[in-house]
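Enquirer: What follows is a predicted structure for the sequence shown.
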Amino acid sequence: MNRLLLAPALSLALLTPCAVAQDARQIMQEVQKRQHSTSQHYEGTLEVIGGGNRIATKRWIFDRLGDFGNSKGMLRFTVPAEVKGVGLLIVNHPDRASDQWMWRPNIGREQRIALQDRSTRFFGTDFSFEDLEERDVEQYDYKFLGEEAGTWKLQSTPRKSSQYTYGYLWVKKDNYTIVKIESYNKKGLVRVIDYRDFEQAKGIWTARTTEVHDVTRNSRTILKYDKLEYNIPMKDAGFTLDALRRGA
Amino acid sequence: MMLLRLISWPYARKHLLRWLLTMAGIVLGVGVFVGMHTANQSVLAAFRETIDKVAGTTQLQITAGEPGFGEEVLEKVQSLPEVRAAAPVIEATVSTGQGNLLILGVDMLGDRSLRTYDLEGTDEAIDDPLIFLAQADSLIVTRTFAEKNGLQVNSRVPMRTMQGDLIFTVRGIMKPGGLASAFGGDLAIMDIYAAQKFFGRGRRFDRVDLALLDGVTLADGSAKLRALLGSGYEVSPPSSRGEQFEQTSRIYSLASNITSIFALFIGMFIIYNTFAIAVTQRRSEIGILRALGATRSQIRTLFLTESAIAGSIGSGLGVLFGIVMAHAMASYIGNILTEVYGVAQRADGIQVDPVLIGGAWAMGIVTSLFAAVIPARAAAYVDPVKALQKGRNQALSEGESLLRRWAAVGCAAAAVIAVIFSHSTAIFYAGFVLGGVAAVLLAPSLTLWLSRFLRPLLAFLRPVEGTLAADSLIQSPRRTSGTVAALMLSLALVISLGGLARSSYDSLADWMRIALNPDLFVTTAQSVTSRTFVFPASLGDGLRAIPGVDEVQLVRSVRVPVKGGPVMLVALDIGSVERRAKLPAVEGDAATMYRRTERGEAVLASENFVRLHGGKLGEVLEIAAPSGVLKLPIAGIVRDFSDQQGSLLISRQAYIRFWNDDSVNVFRVYVKQGAQDSDVRQRILDTFGKQQRLFVLTNKDVRDYVTRLTDQWFGLTYVQIAVAVLVAILGIVNALTVSITDRRRELGVLQAVGGLRQQIRHTVWMEAAAIGFIGLVLGLLLGAVELYYAIEISRRDLVGIDIGYAYPFRTALALAPVILIAAFLAAVGPSESAVRGSLVEALEYE
Amino acid sequence: MIHLQGVTKQFAGKRQVTALERLDLHLARGEMVSIVGPSGSGKSTLLNLIGGLDRPTEGEIKIDGQALSTLSDDGLTRVRRDKIGFIFQFFNLLPTLSCLENVSLPLHLRGWPRKKIDERARELLDLVQLSGRLEHLPDELSGGERQRVAIARALSVFPPVLLADEPTGNLDTHTGAEILKLIHDLHDRLGATILIVTHDMVVAESCPRTIGIRDGRIVTDVRRGDARREMSRA
């Protein structure tokens, strides 16, 4: 389940509210099906509202190619100037955690992001490197918990290593979009993600704003998606280490 | 107790000055001991503390000697399921204008799971590692360092790197405490990948720090990691680095141990002396006590208690003195150890170890008690009838001195036998001790003989004063023998250490002439031993291309684990070295050993490696390398002073193959015939100096550096020598003070019959000079023996090199005036007090 | 020869003790005087003051016209060395030196040439009838012999003043008489001014003049015609 970068895609198109309400996995499969796209492009704007309401802004361009859970993503920072050119290549695998590399133009080398570091915060934001991964529905166990104000509330439990032990998801009945996720670890609630401002693009319902709340640090990150496009032609060659180094 | 108050206290009060002088012996002995050890321990503790603080929650560290290892090791380690977090580290000490700065290269992404970076404010730049990482010039410094250098966030810090002179930017300031207080707060954090670049590390890490998952034991985790990585790697808790450092600095502790014990030993003689005198002076008092019913054991207890009290006061003062001294010495020792061993530590404060203090205190008391045993026994056996008869003080009994002489002869004979069977360490050291004991036992008899020999000489110089001075010595050997023994021991110490230093310098000079013969040395730092930065091998080609350069030798020296300890491995072009700087072979066939080593089939071991780590010609050494354990035989043993702990010479090709490391510490540059060293040096600097951190040292620079290092090494030894001599001179003051008290009446008569004050002074001075002379003669003689032992100890257990026996005649010659002048100075106080007292009282003095 | 005027000596301490009080005394050249008095009367103090071993609290002492109060310590020593010979009750010989060396001592201190010292020392020991004991140490001599060595030492430079503090006090009667005779002989032969402190009335009365001291004051001053002749007649 992609929690963030692909969040607009994840919360995709409006569909028939037909699914058997009790079968949580079916709901999630439907969610995944509706957000399906072969490729995606957007420009993200990120605002971190930390302690004392200090706001830090970053911008990036994101491209993604491939089927959900088996896709590749390339993220490139554009703002602020100090980080311009820093890139992140994400290669998702359906059966295991993704591979991630960061490109550091200043010292001219890429750096692998180790699995153990995936729980650390993604560059001072309120989400972690793990939150950047796509994980197929098959990597989780789901439990249906009930209905709440036009949504289904589900519990998800990761089948393999994750910083989270379980999470709650709220899926809108009418269009199968995820509107809220709460993630827990052994100590309790860690993050809350809210999806807002849904719009349809190329037939896929997409939240234009995502807000992540880090409960332990009490800080928020707001991510806005612009110039969102689906299913545009992209090449595999644009998602390799070479491409990362070239700074496409 | 009553006896103490009634009898001892008034006596002590009356002879306060002498007691103070006596205690000075213990004060210095204990002080030197406490000072040296506290300083040593503080340096060690500082090092440990730095390790601890830098380690954070690290449970295990993976190392492979100084060369480090490739980045792939990190992923391997991280892949192990038992590992919770593993982070790479590069640790480097760079010198700034303000002293050394410890730079910790870490991966900011993963490192926070091991270390806490408590930053001031919530600075965005650091809070956001993206900016820290994206900007390679980022540094996080501690508040301590920032305040010391007037730095703030975004301040610029220039630093000379392998990429040339660069400006770094402070992007964060750490709050004091924890990590930020490591290395005395002179600490900076840098991104590890930037550090690789700036320190010339290539794609290598110095080590990997890791923490295990909860529930995984250290033993289990280490075993899994060892199995995973193979034998070329060491997996150990951070604390074991402290042990390694302790091992490397072992020589230093041992050397300071020997000298401080020597100081205490000398102090013991002063105490013995004082008590022997006190017993003689208090004979009638003892007689009265015995007549009034005191038992022998009460008398003995009285004297032993006095010595215990004097010992405990003296030791207490000594401890204080030692702590003061440790303050002064800690940073000095720290610097030496940093230079010699290249280990980052910083001892700003000192750590007082209660066990050490308690031990030293107890040692002072025991020494004092031990010194008083014989005098206390003598006191117990004072014959009350004889003691109560008025008359001269009892002279040294012939029987006692005969017994002692026989004991001395026995000890000397045993010492000679021990020399013959000296291949056993225990027997050798026993011989060393016996030799010293024999000398000490013989001291009183020798003092007597020498005084008799001196009498006509002194009488010739000054008929009255000279004769009286000599007679004073002859009459009371007990009064002076302790002082003479102390003086003898300290001078023997001077001679043996001086001779050791002389011989060391000579051998070192020989080695420098042979081994350090390149015209220029291209290094990464001002000091040749610094291994913080390394050059890429490619620079060698560049240097060869410089006009005037004849030959360039690439040297990579690293400490790697061999035989359980870190040993200096020197990788160089053996063929070229054989042609240019062939080290003298101690063992092995000089013709073939270089060839075999050049082919990578063997190594050359230094003489001291073989001595200190054990090993022999032809033995196959197991050297841990990242690609597995390297098994190479010792093809030859050569005399090499590259490292105190011994060195191994290996062919550069073999090193590159097994360590996958082609970097270079030093380029040894030979200049073509006819070309000027200074021109070539300038050309090298012009060509590479801008783009690269690089120093070009001339042959003289390097030799001076080595000499300076040796000077520093012996520097503390000289301090200790000075202390020993000072103690001995205090002994002279003591002996003279007693002497003039004993001779008050005699000196009074002398004045009554017309002796001028100057003449009285002369006799005291001549007595002092005679003590000095006798001590000098005995000391110089004993020194000849002690020097033999010093050189042997150094060969066997300290540096492992046979530096050859050469008596330091010049030192001996220089000592004569020093000691005579010191003796004269020691006599000034007593001689003045001799001429100032009341004549009437002196004449009535019993 | 010896002139004391208003000499007072006090010893400081917890309780101030006045040993001599405003004492006036005049001894002519060549006079032989004994001083008697009980213990603590101040007679030894008087001798020490005259010998320059100590200084008076008040008053003036002149030896041979030389006022002692104007002299430094070394100046006092020079006066002692040139003009005064001491004879002590306990002899005060240096135990490590032979008879000859003990007698030579003052001469060496004056820096005489060795040959002359040797001659004079032998001459003096001959004078006290000890020529046979030149190389003996004091411990090897009898009490009377030791005192004779001490007298020889006191006479080494033929001083004009000879001060003797209980010269027979440590000797048996017979030996004491011998020593006293020796002193009288020397007085006759050398004509020195001799001052003997004693509480032996035989010794005191053998002198032509006897001064009695009590509590720091002169209480009697007796002159006899020729005491020695009287004594020898007796």
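Expert: Cool, the structure landed.

Enquirer: and the one residue in chain C that gets nearest to chain A, which of the three is it?
Expert: Across chain C, the shortest distance to chain A (C-beta to the nearest C-beta) belongs to residue C:14, at 81.5 Å. Using the backbone N, CA and C atoms, a C-beta is placed for each residue, glycine as well. Three-state assignment for residue C:14 (DSSP: H, G, I helix; E, B strand; the rest coil): coil.

Enquirer: For it, give its distance to residue B:832.
Expert: Distance, residue C:14 to residue B:832, using C-beta to C-beta, to the nearest Å: 28 Å.

Enquirer: Residue numbers of chain A in contact with chain B?
Expert: A:48, A:50-52, A:54, A:56, A:58, A:77, A:80, A:82-83, A:85-86, A:102, A:104-107, A:109, A:111-117, A:120, A:123-124 (C-beta under 8 Å from any C-beta of the partner chain).

Enquirer: which of those count as buried?
Expert: With burial judged by 16 or more other C-beta atoms under 10 Å in any protein chain shown, the buried subset of the residues of chain A next to chain B is A:48, A:50, A:56, A:58, A:77, A:80, A:82-83, A:86, A:102, A:104-107, A:111-117, A:120, A:123-124.

Enquirer: Would you report which members of these are assigned to strands?
Expert: A:48, A:56, A:58, A:77, A:102, A:104, A:111, A:112 (DSSP state E).

Enquirer: Could you identify the least confident member of those?
Expert: pLDDT across those is at its lowest for residue A:56, which sits at 77.

Enquirer: partners of it in the sheet?
Expert: Note on residue A:56: beta-bridge partners by DSSP bridges are residue A:48.

Enquirer: what do you get for the one 4 residues further on?
Expert: According to DSSP bridges, the residues that bridge with residue A:60 are residue A:44, residue A:77.

Enquirer: What count of nearby residues applies to it?
Expert: As a burial measure, residue A:60 scores 22 neighbours (other C-beta atoms under 10 Å in any protein chain shown).

Enquirer: What average pLDDT does the longest helix that chain C contains get?
Expert: The longest helix of chain C (DSSP state H) is helix C:173-190. Taken as a whole, helix C:173-190 has an average pLDDT of 86.

Enquirer: Give me the helices and strands touching that helix, please.
Expert: helix C:143-154, strand C:161-165, strand C:193-197, helix C:201-205 (3 or more C-beta pairs under 8 Å, 6 or more residues apart in numbering or on different chains; DSSP states H and E).

Enquirer: Can you give me every residue that contacts residue 129?
Expert: Looking at chain A here, since you left the chain open. When contacts are counted by C-beta atoms under 8 Å, 6 or more residues apart in numbering or on different chains, residue A:129 touches A:100, A:113, A:117, A:118, A:119, A:120, A:122.

Enquirer: wrong one, chain C
Expert: Listed by C-beta under 8 Å, 6+ apart, the contact set of residue C:129 reads residue C:148.

Enquirer: Could you grab the helix/strand/coil label for it?
Expert: Counting by three-state DSSP, the backbone at residue C:129 sits in coil.

Enquirer: for residue B:624, same thing?
Expert: Going by three-state DSSP: residue B:624 is strand.

Enquirer: isn't it right next to residue B:561, touching?
Expert: Yes - using C-beta atoms under 8 Å, residue B:624 is in contact with residue B:561, at 5.1 Å.

Enquirer: Now for those two: what residues contact both?
Expert: In contact with both residue B:624 and residue B:561: B:65, B:234, using C-beta under 8 Å, 6+ apart.

Enquirer: Please, where are all the strands along chain A?
Expert: Going by DSSP E, chain A shows strands at A:39-49, A:55-65, A:72-79, A:87-91, A:99-104, A:109-112, A:140-148, A:151-158, A:166-172, A:178-185, A:188-201, A:204-214, A:219-230.

Enquirer: Mind telling me which residue of chain C is nearest chain B?
Expert: Among all residues of chain C, residue C:81 sits closest to chain B, at 3.0 Å; criterion: C-beta to the nearest C-beta.

Enquirer: Tell me which residues touch that residue, please.
Expert: B:753, B:754, C:106, C:109, C:110, C:157.

Enquirer: Could you do residue C:194 as well?
Expert: Residues in contact with residue C:194 (C-beta under 8 Å, 6+ apart) are C:31, C:32, C:33, C:161, C:162, C:163, C:164, C:183, C:187, C:207.

Enquirer: On the strand side of things, show who it bridges to.
Expert: Beta bridges link residue C:194 to residue C:32, residue C:162 when assigned by DSSP bridges.

Enquirer: List, one by one, the residues from chain A near chain C.
Expert: Contacts of chain A with chain C, taken as C-beta under 8 Å from any C-beta, are absent.

Enquirer: Chain B too?
Expert: B:392, B:463-464, B:467-468, B:471-472, B:474-475, B:745-746, B:749-759, B:838-840, B:843.

Enquirer: Report the beta-bridge partners for residue B:168.
Expert: residue B:157.

Enquirer: Any regions of chain C where pLDDT drops low?
Expert: C:225-234 (pLDDT under 70).

Enquirer: Tell me where it has strands.
Expert: Counting by DSSP E, the strands of chain C are C:2-11, C:17-27, C:32-36, C:58-63, C:66-67, C:84-87, C:161-165, C:193-197, C:209-214, C:217-223.

Enquirer: try the stretch 151-300 of chain B
Expert: B:156-161, B:164-174, B:187-191, B:204-205, B:207-212, B:234-236 (DSSP state E, counting those that start in this stretch).

Enquirer: so which of the ones you listed is the most packed in?
Expert: The highest average neighbour count among the strands of the stretch 151-300 of chain B, using mean count of other C-beta atoms under 10 Å in any protein chain shown, belongs to strand B:187-191 at a mean of 26.

Enquirer: Name the strands paired with that strand and say parallel or antiparallel.
Expert: The strands beside strand B:187-191 in its sheet (DSSP bridges) come out as strand B:99-106 (parallel), strand B:138-142 (antiparallel).
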